[in-house]
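Student: A predicted structure for the sequence below; I have some questions about it.
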Amino acid sequence: MKILYLNGPNLNLLGQREPQVYGRATLAEIEARVRAQAKKRKVVVDFRQSNLEGQLVSWIQEAKGKWDVIVLNAAAYTHTSIALRDAIAAAGVPTIEIHLSNVHAREDFRHKSLIAPVCLGQILGFGAESYLLALEAAVNVNKS
Ligand code: DQA
């Protein structure tokens with residue numbers, strides 16, 4: 001099984017960015033935890049980050065036929081991007097939306113996800129653990 005992790009804008013700053021909201025782990029540390037878990041589950045993963053909406057759109061488009069599941073932390077684009085939503089719908093690759101923080105406990109503008117309706121489901125509010133829970137969900141859903 002192959003899982004593509006995509007990370008959106010400002011997630012390259014994890015560790016130093018609002019640690020009270022997002023925790024102290026860097027994206028590289030989260031990636032290392034994901035890779036260790038993936039190895040145990042015999043899953044192939046790739047882990048990418050971009051601050052650019054168009055780059056994320058291209059990666060989602062290119063995932064078609066190549067990746068079984070996309071795990072997507074679209075960051076702020078979650079709340080704004082029709083382009084990402086359309087790319088997920090067009091690619092047809094089952095996509096799990098994740099967030100470190102519980103967006104529903106935060107500002108109103110974070111309560112709306114434009115990508116949620118075209119995703120398999122959402123995992124949010126568990127910090128770095130959200131990334132690992134998504135891996136388990138992807139593996140288990142793939143089996144059933
Ligand atoms: C986030 C939540 C978003 O609202 C925010 O814009 C982010 C990170 C999260 O993982 O909690 O950049 O996706």
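Tutor: That came through fine.
Student: I'd say residue 116 and residue 95 touch.
Tutor: No - applying C-beta atoms under 8 Å as the test, residue 116 and residue 95 come out as separate, 10.1 Å apart. All C-beta spots, glycine's among them, are computed from the backbone N, C-alpha and C.
Student: ok, these two, which is more surrounded?
Tutor: Taking other C-beta atoms under 10 Å, residue 116 and residue 95 do not tie; residue 95 has more neighbours (27 against 12).
Student: Next, the contact list for that one, please.
Tutor: Each residue near residue 95 by C-beta atoms under 8 Å, 6 or more residues apart in numbering is listed here: 60, 69-72, 88, 115, 118-120.
Student: Can you give the contact residues for stretch 77-94?
Tutor: Defining contact as C-beta under 8 Å, 6+ apart, one finds that stretch 77-94 is touched by 4, 8-9, 53-54, 56-57, 60-61, 63-64, 67-70, 72, 74, 95, 97, 99, 103, 109-110, 112-115, 117-120, 138, 141.
Student: wait, stretch 44-58
Tutor: Contacts of stretch 44-58 (C-beta under 8 Å, 6+ apart): 1-12, 27, 31, 34-35, 38, 59, 67, 74, 77, 81, 83-84, 87, 135.
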